[in-house]
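Student: Predicted structure and sequence below. I'll ask about it afterward.
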Amino acid sequence: GLQKTHIFLSTVATNLIYSKFRDTPTQKYFEHLSENAAKNVEVSRIYSGMKYALCLLIESLERLSGRVAHLVTKEFDKTEGSLSSVSTKMTEKASSLLRVLM
């Protein structure tokens, strides 16, 4: 899924995301929307590419070490509305995996 997302974001024509109809929106606002769309697509492309590369790296490290990496270290706390650590167990597992791999 990440690979397909990254390929899509690398090939999407950002000039086609927004269009005008009967001079709506104004040319200035249309240019603003188009510039923002191009920036957002570029940031998303970089993010998805990095995430995809990291997944490939972790998969390779798992194969070399013969262990499964448990990478979920954060969860969304609905009551607080922020990210918080899940548990020290997950952090300990990640730390031990990194020690084995280094």
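Tutor: Yes, it's here.
Student: How many neighbouring residues does residue 48 have?
Tutor: 20 (other Cβ atoms under 10 Å). For every residue, glycine as well, the C-beta is placed using N, CA and C.
Student: now it: how far from residue 68?
Tutor: According to Cβ to Cβ, to the nearest Å, residue 48 and residue 68 sit 24 Å apart.
Student: Then residue 57?
Tutor: If you measure residue 57 against residue 68 using Cβ to Cβ, the figure is 15 Å.
Student: Ok, residue 19 next?
Tutor: According to Cβ to Cβ, residue 19 and residue 68 sit 47 Å apart.
Student: and if you look at residue 5?
Tutor: Residue 5 sits 24 Å away from residue 68, going by Cβ to Cβ.
Student: So which of the two has more stuff around it?
Tutor: Neighbour count, other Cβ under 10 Å: between residue 5 and residue 68, residue 5 has more, with 16 against 9.
Student: Nearest spatial neighbour of the more buried one, chain-adjacent residues omitted?
Tutor: In this structure, residue 5 finds its nearest non-sequential neighbour in residue 48, 4.9 Å apart by Cβ to Cβ, 6 or more residues apart in numbering.
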